[in-house]
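**Student:** Following is a predicted model, sequence given first.
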Amino acid sequence: MDIKEVKKLNVKYNGKIVGYLAELKNGSIAFQYDDEWIKNGFSISPISLPLSNEIYVNHEPTFNGLYGVFWDTLPDGWGELLVRRMLNKNSINFDRLSPLQKLSIINKNGLGALEYEPNHALKTKIAGYDLDELAKEAEKVLNDETDGVNLDTIYNLGGSSGGARPKAHIIYKGDEWIVKFPCSVDPKDIGEKEYTANSLARNCEIHTNEFRLFDSKICSGYFGAKRFDRTINGKVHVISLVALLETTHRIPNLDYGHLFAVINKISVDRNNDLYEAYRRMCFNVFYKNSDDHGKNFAFIYDEKLKGYRLSPAYDLTSLPNKPRHEMSVNGNDIPTENDLLAIAKEFKLSPQRCKNIIDDIKLKLI
C-alpha cells in the first residue's frame, strides 16, 4: 500500500466545493475559496478566513502550515494512535506524511462537515461488533498489544476520533453516535461518571446533546452521545475555540474571557450564547471540571440562522485532584466566585442574572 503524493486538495461541504488547499514550492500551504462559494457560502473560519478571493497562507507553525479549521478535522489522541497503527501495518510512517496527505486519508467519520478530495482513506473491512469486545480490543491497542486485534474494525469505527479516550462511531436507532471506552488511567465506571456529569449539566440548564449509557456485561456501562455535527440534512460545520484562535489546546494559554470575546465577535445568537457559556463556566468551576481546554468548546454553523452559535456542551467530567483549570477565569486557574463575577462585569452581563446562575448551579451540585 502507498499513500499518494498530494499537492492540492478540494475542500468540500456536503458535496459543494468550498475552496482549495495547495502546497506551494516553498513548502507552505495556501487556501483559497471557490468563486461560487464566495457568492453563496460562508466563512469556514470567520476570524482567520473571511470570505474573499484572497489567497491565505498561515505562516505560524502551530498547525504545520494549516489553518486551525483544517487541523480540527484531523484525528488526535485515540484517533491518531489508530491511524499510526494502521499505517505501520502497511509500512508507512505517519510522521513522514505531509499535512495534505494526512487530510486526504480522513474517512467519513471525521469531525464536522469538511471533506477533502482526492480522498485516500484507508480501505478497511468491518463486520458486526460488540461494545464489550471493542472495549477489550481498544485496551489492547492502548497497551500496544495488537496480536489478535481486529485493527480494521477498531480503525473503521474510531480512526477519525479526537481526545485521549478510545471511541467508536456507531449507528444507533438510525442516528450517528459516539461511544467512549475507558483508557488505561480511567476507572472502569468512567462511562457512568460521564453520564452523571452530563445529567447534572442538563439539570443545571446547560445545553447538551442527547446522551445515554450503553449496556455492558463487564462494567457499569459506556457513555454515548448523539453527534451534533450530523443531521438528516447532512453534516454540520464545526470549529473549535482553539482553531478559531489559531492556537493549541496542548498548552494552557486561554482564559474564559477569550470564549466570551469570540461569542461577541461571531455568534448569531449572541445573548443566549453568552449566558450559556456563563453557565458552563460556573458548572466547570463548581463541578471541578478542570479539563476545560479550548478544544472542548466549539461553534457550529447554523444553516437556518445563517451564522455561528455555540455547540452543545461535551467532554464533561470532574477532576477534583486536578485543581488548576486548563482555561483560567479572570486570569486565575484556580478560580473563585469573585472571578466568575468579574467575567460577568467585563462582558457587561446582568450582575443579578449571573449571581442567580451561580447560586442555582451551586445548589444543584450540592
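**Tutor:** Alright, I've got the coordinates.
**Student:** if I read this right, Ile106 contacts Ala121, doesn't it?
**Tutor:** Yes - Ile106 is within contact range of Ala121, at 6.6 Å (criterion: Cβ atoms under 8 Å). In short, each C-beta sits where N, CA and C put it, glycine included.
**Student:** Comparing these two, which shows the higher neighbour count?
**Tutor:** Per other Cβ atoms under 10 Å, whichever of Ile106 and Ala121 has more neighbours is Ile106, with 23 against 16.
**Student:** Mind jotting down where the strands sit in the stretch 1-150 of the chain?
**Tutor:** Ranges of strands in the stretch 1-150 of the chain, per DSSP state E, counting those that start in this stretch, are 8-13, 16-23, 29-33, 56-57, 114-117.
**Student:** Put together CSV for the ones you listed, with mean neighbour count, distance to Ser48 and mean pLDDT on each row.
**Tutor:** Shown next, in CSV, are the strands of the stretch 1-150 of the chain (neighbours: other Cβ atoms under 10 Å; distance: least, Cβ to Cβ, whole Å; pLDDT from 0 to 100):
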stretch, mean neighbour count, distance to Ser48, mean pLDDT
strand 8-13, 19, 14, 97
strand 16-23, 19, 13, 98
strand 29-33, 21, 10, 98
strand 56-57, 16, 7, 98
strand 114-117, 19, 14, 96
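**Student:** Can you lay out those strands as TSV showing distance to Asn271?
**Tutor:** Converted to TSV, those look like this (distance: least, Cβ to Cβ, whole Å):
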stretch	distance to Asn271
strand 8-13	28
strand 16-23	29
strand 29-33	30
strand 56-57	31
strand 114-117	29
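**Student:** nearest to Asn88, of these?
**Tutor:** strand 114-117 (22.5 Å; Cβ to Cβ).
**Student:** for that closest one, packing partners?
**Tutor:** Contact here means 3 or more Cβ pairs under 8 Å, 6 or more residues apart in numbering; DSSP states H and E; on that basis strand 114-117 packs against strand 8-13.
**Student:** which secondary element of this protein has the worst mean pLDDT?
**Tutor:** The weakest-scoring helix or strand in the chain, judged by mean pLDDT, DSSP states H and E, is helix 151-158 (a mean of 83).
**Student:** how far is that one from where the chain is centred?
**Tutor:** Computed by Cα atoms, centre = their mean, to the nearest Å, the chain-centroid distance of helix 151-158 equals 19 Å.
**Student:** residue contacts, Gly331?
**Tutor:** 255, 339 (Cβ atoms under 8 Å, 6 or more residues apart in numbering).
**Student:** Now do the phi/psi pair for it.
**Tutor:** Backbone torsions of Gly331, given as degrees, to the nearest 10, read phi 80, psi 0.
**Student:** So for it, what pLDDT did the model give?
**Tutor:** Looking at Gly331, its pLDDT is 98.
**Student:** quick one on the thing from earlier: give me the residues contacting the least confident helix or strand of the chain.
**Tutor:** For helix 151-158, the surrounding residues in contact (Cβ under 8 Å, 6+ apart) are 78-79, 82-83, 85-86, 89, 107, 109, 122, 124-127, 129, 134, 137-138, 141, 166-170.
**Student:** Tell me the first helix or strand C-terminal of it.
**Tutor:** Sequence-wise, the next helix or strand downstream of helix 151-158 (DSSP states H and E) is strand 167-172.
**Student:** Might you calculate how far that following strand sits from the centre of the chain?
**Tutor:** 16 Å.
**Student:** Partner strands of that strand and their direction?
**Tutor:** Sheet pairing of strand 167-172 (DSSP bridges) gives strand 175-180 (antiparallel).
**Student:** Next, the buried residues of the strand it pairs with.
**Tutor:** 176-180 (16 or more other Cβ atoms under 10 Å).
**Student:** what angle do that strand and helix 151-158 make?
**Tutor:** Calculated by axes from the mean of the first three to the mean of the last three Cα atoms, to 10 degrees, strand 175-180 forms an angle of 110 degrees with helix 151-158.
**Student:** continuing past strand 175-180, what's the next helix or strand?
**Tutor:** On the C-terminal side of strand 175-180, the closest following helix or strand by DSSP H and E is helix 190-203.
**Student:** how long is stretch 176-190 end to end?
**Tutor:** 22 Å (Cα to Cα, to the nearest Å).
**Student:** can you list contacts of that stretch?
**Tutor:** 78, 131, 134-135, 138-139, 142-143, 161, 164-171, 191, 193-194, 214, 218-220, 222-227, 230.
**Student:** In PyMOL, how would I select just the buried ones from the residues you listed?
**Tutor:** To isolate the buried members of the contacts of stretch 176-190 in PyMOL, using 16+ other Cβ under 10 Å:
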select buried, resi 78+131+134+135+138+139+142+161+164+165+166+167+168+169+170+191+193+194+214+219+222+223+224+225+226+227+230
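**Student:** Next one, pLDDT for Asp2 please.
**Tutor:** Looking at Asp2, the pLDDT reads 58.
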